[in-house]
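*Asks:* structure, please.
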Amino acid sequence: MAKSDLGIDLGTATFVVYQRGQGIILEEPSVVAVDKSKKKLLAIGKEAKDMVGKTPSQIQIIRPVQDGVITDPSIIEEVLRYFVKKAKSKGFNMYKPRLIIGIPALTTDVERRAVKEAGSRIGASKVFLISEPLAAAIGSGIDITEPNGHMVIDIGGGTTDLAILSLGGCVISETIKVAGEAMDQEIIKYTKRRYKFLIGETTAERLKIDIGKAFSQEENLEMEVKGQNIKTGLPSNLKLTSDDIFYAIKPILNEIINKIKNILEKTPPELAADIMQNGLIVVGGVARLRGLDKLISEQTGVRTYIPEEPHLVCAKGTGILLEDIELLNKVQVN
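*Replies:* Next comes the predicted model:
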């Protein structure tokens, strides 16, 4: 494959682009801003996310991938066009690039076809699709072609994908629509219920990332945020702690843990033995939550690993596939 080729992770929370021979060249929030009156795309990524909660009525904030589903294929086409344009702006020759696109596990045949067609319309010579759990496993350094069972838990923005992998495919694969964004909503509700204080989604996400923890014994940090005091109706400040975030997101963590246990119970004995030996691999943006590996290990009795930069492993997996066409042909979604 040529050096103009790109690997793309179309995540619910983040879009990540891998350039062959260069590594990660772009990491942007999965958000776009659209002018409804002019039917024109105004911003993509961080620029669009900075507009959340601050837009006039004619500007709409859209998440092109929500709850593991591609909500608007036409927007995805503009997003892919933006990625290629960004790569060109960095001085790369982007003539007819090949694209390997990691897609959510819940996407339908219609959505997959729409993504491939969108890639063709922006000038890609060929578009390959790969399921995000498979791409994440490859990016984590797992040899998925061996007759050896591995379990990957991908906790992203909108969904948690759980997959038992062996011989280049998913033996068991399930998705629940509970992940990072659900945690943000729980933090908002907790803050309103306990402190009579209103915060927005962006603030809740920042609290989760900066001081959040999944294991009670992790260090208790503190952070001051801005919001609205419900009693006075006036703007105000509030200090929250890691313990606050832990108790807020605990119901979501419990739901994910229960699903992991459910999958392990369904796993055939030979694969279960492999997983006990190999451990559980946790990836995705939420994998950065402090103590998550300790919580899962404690609750399941299985060693749990979080690779370096777990939010980027899917894009790194597409990067590995850019170099290994034989493996790509085995794992691509037809």
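
*Asks:* please name the residues that touch the closest residue to residue 28 other than its chain neighbours.
*Replies:* Among residues not flanking residue 28 along the chain, residue 45 sits closest, at 2.9 Å (C-beta to C-beta, 6 or more residues apart in numbering). Where you see a C-beta, it was placed from the backbone N, CA and C, and this is true even at glycine. Applying C-beta atoms under 8 Å, 6 or more residues apart in numbering to residue 45 gives the contacts 15, 28-29, 31, 82.

*Asks:* sitting in strands, which of those do you find?
*Replies:* Of the positions in these, 15, 28-29 sit in strands, assigned by DSSP state E.

*Asks:* tell me how far the helix or strand where residue 273 lies lies from the chain's centre.
*Replies:* Here residue 273, judged by DSSP states H and E, is contained in helix 269-278. Here the centre of helix 269-278 is set off from its chain's centre by 26 Å, with C-alpha atoms, centre = their mean, to the nearest Å.

*Asks:* could you give me the average pLDDT of that helix?
*Replies:* Mean per-residue pLDDT for helix 269-278: 96.

*Asks:* alpha carbons of it, as CSV, please.
*Replies:* The C-alpha coordinates for helix 269-278 follow below in CSV (Å, rounded to 0.1, in the frame of the first residue of the first chain):
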residue,chain,number,x,y,z
PRO,A,269,-14.5,-24.2,28.1
GLU,A,270,-11.5,-24.4,25.8
LEU,A,271,-11.7,-20.7,25.0
ALA,A,272,-12.4,-19.9,28.7
ALA,A,273,-9.1,-21.6,29.6
ASP,A,274,-7.3,-19.5,27.1
ILE,A,275,-8.8,-16.3,28.5
MET,A,276,-7.9,-17.2,32.0
GLN,A,277,-4.3,-17.6,30.8
ASN,A,278,-4.2,-14.6,28.5
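
*Asks:* residue 178 and residue 252 touch, don't they?
*Replies:* Yes. Using C-beta atoms under 8 Å, residue 178 and residue 252 qualify as a contacting pair, with a distance of 5.7 Å.

*Asks:* looking at the two, which is more packed in?
*Replies:* residue 252 (23 against 19; other C-beta atoms under 10 Å).

*Asks:* what's the spacing between the more buried one and residue 244?
*Replies:* 14 Å (C-beta to C-beta, to the nearest Å).

*Asks:* could you do residue 103 as well?
*Replies:* With C-beta to C-beta as the criterion, residue 103 and residue 244 are 35 Å apart.

*Asks:* please enumerate the helices of this structure.
*Replies:* 46-49, 73-89, 109-121, 132-139, 180-195, 201-211, 242-266, 269-278, 292-300, 313-323, 325-331 (DSSP state H).

*Asks:* the longest one - what's its average pLDDT?
*Replies:* Rounded to a whole number, the mean pLDDT of helix 242-266 is 97.

*Asks:* list the buried residues in it.
*Replies:* Neighbour counts using 16 or more other C-beta atoms under 10 Å place 242, 244-246, 248-250, 252-253, 256-257, 259-260, 263-264 of helix 242-266 among the buried residues.

*Asks:* give me the pLDDT for the residue lying closest to residue 261 once chain neighbours are set aside.
*Replies:* Among residues not flanking residue 261 along the chain, residue 300 sits closest, at 6.2 Å (C-beta to C-beta, 6+ apart). Residue 300 carries a pLDDT value of 97.

*Asks:* the one 10 residues further on now?
*Replies:* Residue-level confidence at residue 310 comes out at 96, pLDDT.

*Asks:* have a look at this structure and report the helix or strand with the lowest mean pLDDT.
*Replies:* strand 69-70 (a mean of 84; mean pLDDT, DSSP states H and E).
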